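Peer 1: got a predicted structure here, sequence first:
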Amino acid sequence: MELTDKVLIDNLCSWPLYFRRLNGVGDIRIPAKVTGFAMLDVAEVQMQIQSGNRMFVGNDPSRPGDHARLFIQNDAQRKALFGYADTTDDVLVLNADSVRELLAIRKKDEFNARLEALVTNDAEKKMIAQIAKENGGDDVAAWKMDAINKLAESVTL
């Protein structure tokens, strides 16, 4: 992986995200819900991660990348940038795939435990109901959407 290689990034939020460029001049604006944003290179993303930009690293410094607002699409790049290259570990993010897996859980206690693990910050609380509705939430048991909506309503933004 070269420092000048482009990194494809998904904005997991339904609002644009902004941050100051660290490897150059200017600011970066990543449009709402964009997939495959290709304006950043490995060096810039690496500097953002090293500086602790929570949009990339999330809220838990012990698990960089978990609960982030920006998702690096390429598995190899993501694992290398977060230091997971030698393990089977990967980041935990709220996206369409993780919500479909959540909605497929049949047992209530397993569902609630997974929901609690998946949604830990206000940005995720704000997005969970929308992502669930877009990914089959209307076709699941009512108690699942009730739990998701209750969590979504607890946002403090």
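Peer 2: Arrived safely.

Peer 1: for the residue nearest to residue 69 when sequence neighbours are not counted, give me its contacts.
Peer 2: In space, residue 69 comes closest to residue 55 once its chain neighbours are excluded; the distance is 4.6 Å by CB to CB, 6 or more residues apart in numbering. The way it works is simple: take the backbone N, C-alpha and C, and place the C-beta from them, glycine included. For residue 55, the contacting residues are 17, 19, 48, 68, 69, 70, by CB atoms under 8 Å, 6 or more residues apart in numbering.

Peer 1: now the strands for the chain?
Peer 2: Ranges of strands in the chain, per DSSP state E, are 6-11, 17-20, 27-30, 37-41, 70-72.

Peer 1: what's the first one in contact with?
Peer 2: Where contact means CB under 8 Å, 6+ apart, the residues beyond strand 6-11 that reach it are 17, 30-42, 44-45, 69-74, 77, 81, 95.

Peer 1: for PyMOL, what selects the buried ones among those residues?
Peer 2: Those of these that count as buried under 16 or more other CB atoms under 10 Å are selected in PyMOL with:
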select buried, resi 17+30+34+37+40+41+42+44+45+69+70+71+72+77+81
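
Peer 1: contacts for the worst-scoring helix or strand of the chain on mean pLDDT?
Peer 2: Using mean pLDDT, DSSP states H and E, helix 75-82 stands out as the lowest-scoring helix or strand of the chain, at a mean of 90. Helix 75-82 is contacted by residues 1, 5, 7, 42, 45-46, 49, 64-65, 71-72, 84-85, 87, 90-91 when judged by CB under 8 Å, 6+ apart.
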